[in-house]
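Asker: A predicted structure for the sequence below; I have some questions about it.
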Amino acid sequence: MASLNGGRVTVAGAGALGLCIALELARRGTAVTVCDPAPVGDNASGVAAGMLAPVFESVLDPDGGGDLDFLRAARDLWPAFADVPIDRSGAVYRGDSGSAVRERLDALGADWRETPDGPFSPEDWRLDPGAVMTRLYAMAGRAGVTFEDRAVSADDTGLLVLATGANAAGPAPELARLTPIKGHILRVAGGPQTGPVLRAEGVYLCPDPAAAVLGATMEPGLDDRRVDPGQAARLLALGERLWPGISALRVRAEVGVRAATPDGLPMVGWSATPNVLLAVGARRNGWLLAPLVARTIAAYLADEDPGPHAARLDPRRFDDKETRA
Ligand SMILES: Cc1cc2nc3c(=O)[nH]c(=O)nc-3n(C[C@H](O)[C@H](O)[C@H](O)COP(=O)(O)OP(=O)(O)OC[C@H]3O[C@@H](n4cnc5c(N)ncnc54)[C@H](O)[C@@H]3O)c2cc1C
C-alpha cells in the first residue's frame, strides 16, 4: 500500500468510474492525469441506460450483489457529487410476476405503491450517460485534471488507479477475476419521451426525449462489441410487453461490455501490486455506484477511513476463498 503524500495520480480509464474518481481526487487538491486511448464515451459507460435504480436492480437482478440499503446509499451521493440533471420519475414493473415482485418489494422495505400500470417505486432515478460524461469531463478539466489519449503502460510510475472496465490485461493480478458480460441496448426513435422507467424480467424501457432506451441483454463470457442482429431482435421482441408496437419503430443497436466479479460487487481498493488501486467490476450498476467508488478510492489515497461499505468492496475479500479452494 501507499498513500498520496502530494504525488500525481494516474487514473487509467475514462468511463464513469475513472471520471468520477479523477474529479473527486482533483477536488481534494490531488494532481490527476486520466489516460484512455478510446474516444470519449466509447465504453460501457457511454452506451449504458443510466438508471440509478436501487429498487428494481435489487428486485430483478439478484446476482448484482448489492442490497437495497447499499445501492440507495450510493444513489444518494449523486446530487451532491455533481450538478447534473437527474430524472426522478421512478420505475414501474410491468412483467408477469407481479405478486412475487410485490412480495419482494415489501420484504426489501422499498418505497412503492400500486398504480394502474403495476407496482411503482419513486426510488429509482436516471441520468443521461452521454450528457453526464460531457459534464464530468468539463468539471474535471476545470478542477485541474489532465487527459492523455493513451493506454497506461509499464512506464507509468507512481500511484495508479485502474478503472479500466472489462479489460483484464492491466498490472494487477485481481483483474483475472473479472468476467465480461456483453450487453445489447437499443435506442428507439418514437418511443416514450417521459415518465417512469418500465421494467420486467430481462428488459427495461427508459423514456427519453431524444430516443427511448430499451435494454439490455446479459451475455456472460462475451467481450466483443459487435452487434448481433439475433440478440437485438430478441430484445426488441421482449420490448413489446413494455411498449406494444415498439417493434415497428426505428431502432439503433449498440453494445457495451460490463465487467463482473464473482459476487457481483466491484473491486475497490488496493491491489496486491504495489501502488495500484482497483476500481473495476461494477457490472450493471457502474453509474449508480460511481460517486461511492470515487469517494472510497479518494479515502484510501488520503489514508482516511474508507467508509462503511469499503469492506464489502475490498479486492482482498476473494483471497481467502481462493486459498481454500
Ligand atoms: C447495455 C448496458 C446498459 C447499462 N445500464 C446501466 C444502467 O442503467 N445503470 C448503471 O448504473 N449501469 C449500467 N450499466 C453498467 C455500466 O455501464 C458499467 O458498470 C460502467 O459503465 C462501468 O464503468 P467503468 O468506468 O468501470 O468502465 P468503462 O465505461 O468500460 O470504461 C473503461 C475505460 O477504460 C479504458 N481502458 C481500458 N484499458 C485501459 C488501459 N490499459 N489504459 C487506459 N485506459 C484503458 C477503456 O477504453 C474505457 O474507456 C450498463 C452497461 C451496459 C453494457
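Answerer: In hand now; what should we look at?
Asker: My guess is residue 64 contacts residue 283. True?
Answerer: Yes. With contact defined as CB atoms under 8 Å, residue 64 counts as touching residue 283 (6.2 Å). The way it works is simple: take the backbone N, C-alpha and C, and place the C-beta from them, glycine included.
Asker: List the contacts of whichever residue of the stretch 1-150 of the chain sits closest to the ligand.
Answerer: The ligand sits closest to residue 15 of the stretch 1-150 of the chain, with a gap of 2.3 Å, by CB to the nearest ligand atom. Taking CB atoms under 8 Å, 6 or more residues apart in numbering, we find residue 15 in contact with 43-46, 163, 165, 286.
Asker: Show me what the longest helix along the chain packs onto, helices and strands only.
Answerer: For the chain, the helix that runs over the most residues, judged by DSSP state H, is helix 286-301. Packed against helix 286-301, as judged by 3 or more CB pairs under 8 Å, 6 or more residues apart in numbering; DSSP states H and E, are the following elements: helix 16-27, helix 44-47, strand 51-52, helix 68-76, helix 78-81, strand 267-270, strand 276-280, helix 310-313.
Asker: Which of those sits closest to residue 241?
Answerer: Distance to residue 241, taken as CB to CB, is lowest for strand 51-52 among the helices and strands packed on helix 286-301, at 18.2 Å.
Asker: hang on, the earlier thing: from residue 138, how far out is the residue of the stretch 1-150 of the chain closest to the ligand?
Answerer: 16 Å (CB to CB, to the nearest Å).
Asker: Residues of the stretch 51-200 of the chain that sit close to the ligand?
Answerer: Counting by CB under 6 Å from any ligand atom, the positions of the stretch 51-200 of the chain adjacent to the ligand are 51, 151-152, 163-165, 167, 170, 183, 185.
Asker: now the residues you listed in TSV, with distance to residue 176 and secondary structure?
Answerer: Output for those, formatted as TSV (distance: CB to CB, whole Å; DSSP: H, G, I helix; E, B strand; the rest coil):
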residue	distance to residue 176	secondary structure
51	29	strand
151	18	coil
152	17	coil
163	17	coil
164	13	coil
165	15	coil
167	12	coil
170	10	coil
183	22	strand
185	27	strand
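Asker: hmm, back to that, more neighbours: residue 64 and residue 283, which one.
Answerer: Shown here are residue 64 and residue 283; by other CB atoms under 10 Å, residue 283 has more neighbours (25 against 18).
Asker: wait, isn't that one in contact with residue 264?
Answerer: Yes. Using CB under 8 Å, residue 283 makes contact with residue 264 at a distance of 5.7 Å.
Asker: circling back: now do the shared contacts for residue 64 and residue 283.
Answerer: Joint contacts of residue 64 and residue 283 (CB under 8 Å, 6+ apart) are residue 264.
Asker: returning to that earlier point: pull out the buried residues from the residues of the stretch 51-200 of the chain next to the ligand.
Answerer: Buried members of these, scored by 16 or more other CB atoms under 10 Å, are 51, 151-152, 163-165, 167, 170, 183, 185.
Asker: circling back to that earlier point, shared neighbours of residue 283 and residue 264, which are they?
Answerer: The overlap between the contact sets of residue 283 and residue 264 (CB under 8 Å, 6+ apart) consists of 64-65.
Asker: Farthest-apart pair in the contacts of residue 15, please.
Answerer: 46 and 163 (14.1 Å).
Asker: As a check, name the ranges of all helices in the stretch 151-300 of the chain.
Answerer: Ranges of helices in the stretch 151-300 of the chain, per DSSP state H, counting those that start in this stretch, are 229-239, 286-301.
Asker: looking at those helices, which is buried most?
Answerer: helix 286-301 (a mean of 26; mean count of other CB atoms under 10 Å).
Asker: relative to strand 276-280, how tilted is it?
Answerer: Interaxial angle, helix 286-301 versus strand 276-280 (axes from the mean of the first three to the mean of the last three CA atoms, to 10 degrees): 160 degrees.
Asker: Could I get the average pLDDT for helix 286-301?
Answerer: When pLDDT is averaged along helix 286-301, the result is 98.
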